[in-house]
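Peer 1: what's the 3D shape of this:
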Amino acid sequence: MAPYYAVVFRQSRTGTVATNWPTAQKWRDSSINSFCKKFSTQEEAVKYLENLGHAVMYFNDDPPYSNSNKNKDFNVLKNYINEIDVTFKKMFQFTDQLKNQLSYTSKLQALNISVIEHLNGIVGELETSETTNSSTSNNKRKRENDRVLVDLDVAKKNLIYNSNNEVVCYIDGVLNPVENNHVLAVSGVYFADNHPYNLHSKVPSSQTLANAKIYGALLAICQVQQLGISKINIHTDSTFLVNCVTNYFTRWRCNGWLKKNKEPVKNQEMLKLLDSKLVLMKKVSWTITDENDTDEAYKLSAAKNLAQNGISNVLKYSKPK
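Peer 2: Numbers count the residues shown, from 1 in each chain. As a prediction, the model looks like this:
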């Protein structure tokens, strides 16, 4: 059975499946920070991309940004220039019908020559630039692809796993008052001390503490998906979040996200986003942190500190210059 290759475009969070290694290499080298992974079946390759949270795209023989497609783009530009030239000729025909048309036609002809020459010159410079930089760009992509693969391996090795082979992480959120009686909600995700996948992020929805903790869980899942991991154990002090996921999600899906009293579920926008990520994972388990456990308290505090640092960063970069 012929192998299949999942090609991951990290920058655009998309991917595709190649049926042979030369095509996989061509697609990989078409986009910076991309890499390939080999599988026995197409289904396995597609599943891997989906577990990363990447959209799966399907192309013909040429990758979306390959040199051949760039050449096609240049041909499109040349066709546009020809269309402009044709438009000028039509304008000449119109001015020929006017009184005292000679001055108008001569001005248009001069402009026509100038515009077409400039446009052809620009396209020529672009083509020359692409040819000159092609070799350098390919070598740079290869070095960066190799670095990305090493970084992924290091990130995986430095994660903490429980007895069920689930990645363990801690999430928290903070709410901070800002100007004009507004508040700012930020989530923090902690895997291990100084781990490159620790992060903080401003909540994109309503600025509430509940949403900050929900969003923290969503971010944690996204982080492990980028590493090709599909099992995670999320530690949180939010009994609300754990109850929503473990006791109510199934019912709310069936009821159109309405409670028994027919009122809309609170925080449903963020809960729906989390739900859409949960279905892409093999397993997501939840642990309510024990505040009396020193190690648990330390790691939850680390997640909270990440969120607090996020508050500082958001306020710093949101100030008018």
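Peer 1: any idea which element residue 296 lies in?
Peer 2: Using DSSP states H and E, residue 296 falls within helix 294-318.
Peer 1: contacts for that helix next, please.
Peer 2: For helix 294-318, the surrounding residues in contact (C-beta atoms under 8 Å, 6 or more residues apart in numbering) are 170-174, 176, 178, 184, 186-190, 193, 198-202, 212, 216, 235-237, 289-291. To be clear about C-beta, it is placed using only N, CA and C from the backbone, and glycine gets the same treatment.
Peer 1: take those and keep only those in strands.
Peer 2: Using DSSP state E, 170-174, 176, 184, 186-190, 199-202, 235-236 are the members of those that sit in strands.
Peer 1: check the secondary structure at residue 286 for me.
Peer 2: strand (DSSP: H, G, I helix; E, B strand; the rest coil).
Peer 1: from residue 270, how far off is it?
Peer 2: Distance of residue 286 to residue 270, given as C-beta to C-beta, to the nearest Å: 16 Å.
Peer 1: look at the two and report which has more neighbours.
Peer 2: residue 270 (22 against 17; other C-beta atoms under 10 Å).
Peer 1: mind listing what that one touches?
Peer 2: By C-beta under 8 Å, 6+ apart, the contact list for residue 270 reads 203, 205-206, 211, 214-215, 218.
Peer 1: distance of residue 117 from residue 78?
Peer 2: Distance, residue 117 to residue 78, using C-beta to C-beta: 14 Å.
Peer 1: quick one, which of these two is more surrounded?
Peer 2: Comparing residue 117 with residue 78 by other C-beta under 10 Å, the one with more neighbours is residue 78, at 14 against 10.
Peer 1: now the helices for the chain?
Peer 2: Ranges of helices in the chain, per DSSP state H, are 21-28, 42-51, 67-95, 101-157, 209-226, 239-243, 249-254, 268-278, 294-318.
Peer 1: and the residue nearest to residue 274 when sequence neighbours are not counted, how many neighbours does it have?
Peer 2: With C-beta to C-beta, 6 or more residues apart in numbering as the criterion, residue 274 has its nearest non-adjacent residue at 4.8 Å, and that residue is residue 218. Using other C-beta under 10 Å, residue 218 is surrounded by 22 other residues.
Peer 1: surely residue 218 touches residue 277?
Peer 2: Yes. Proximity of residue 218 to residue 277 meets the contact threshold set by C-beta atoms under 8 Å, at 5.6 Å.
Peer 1: for residue 271, give its distance to residue 182.
Peer 2: 23 Å.
Peer 1: neighbour count winner among these two?
Peer 2: More crowded of residue 271 and residue 182, by other C-beta under 10 Å: residue 271, with 24 against 9.
Peer 1: wait, the more buried one touches residue 265, no?
Peer 2: Yes. The pair residue 271 and residue 265 passes the contact test of C-beta under 8 Å, sitting 6.7 Å apart.
Peer 1: what touches both of the two?
Peer 2: Between them, residue 271 and residue 265 share the contacting residues 252, 257, judged by C-beta under 8 Å, 6+ apart.
Peer 1: what's the burial count for residue 263?
Peer 2: 8.
Peer 1: same check on residue 157?
Peer 2: Here the number of neighbours of residue 157 (other C-beta under 10 Å) works out to 7.
Peer 1: one more: the one 4 residues further on?
Peer 2: The local packing count at residue 161 equals 14, with neighbours defined by other C-beta under 10 Å.
Peer 1: show me what contacts the residue lying closest to it once chain neighbours are set aside?
Peer 2: Nearest non-adjacent residue to residue 161, counting by C-beta to C-beta, 6+ apart: residue 167, 6.1 Å away. Residues near residue 167 by C-beta under 8 Å, 6+ apart: 159-161, 191, 224, 229, 231-233.
Peer 1: most surrounded residue in these?
Peer 2: Those, ranked by neighbours (other C-beta under 10 Å): first place residue 224, 27 neighbours.
Peer 1: returning to that earlier point: which residues touch the residue nearest to residue 274?
Peer 2: 270, 273-274, 277.
Peer 1: would you turn the residues you listed into TSV with distance to residue 298 and pLDDT?
Peer 2: Shown next, in TSV, are the contacts of residue 218 (distance: C-beta to C-beta, whole Å; pLDDT from 0 to 100):
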residue	distance to residue 298	pLDDT
270	27	91
273	29	90
274	26	92
277	27	89
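Peer 1: I'm done for today, thanks for sticking with me.
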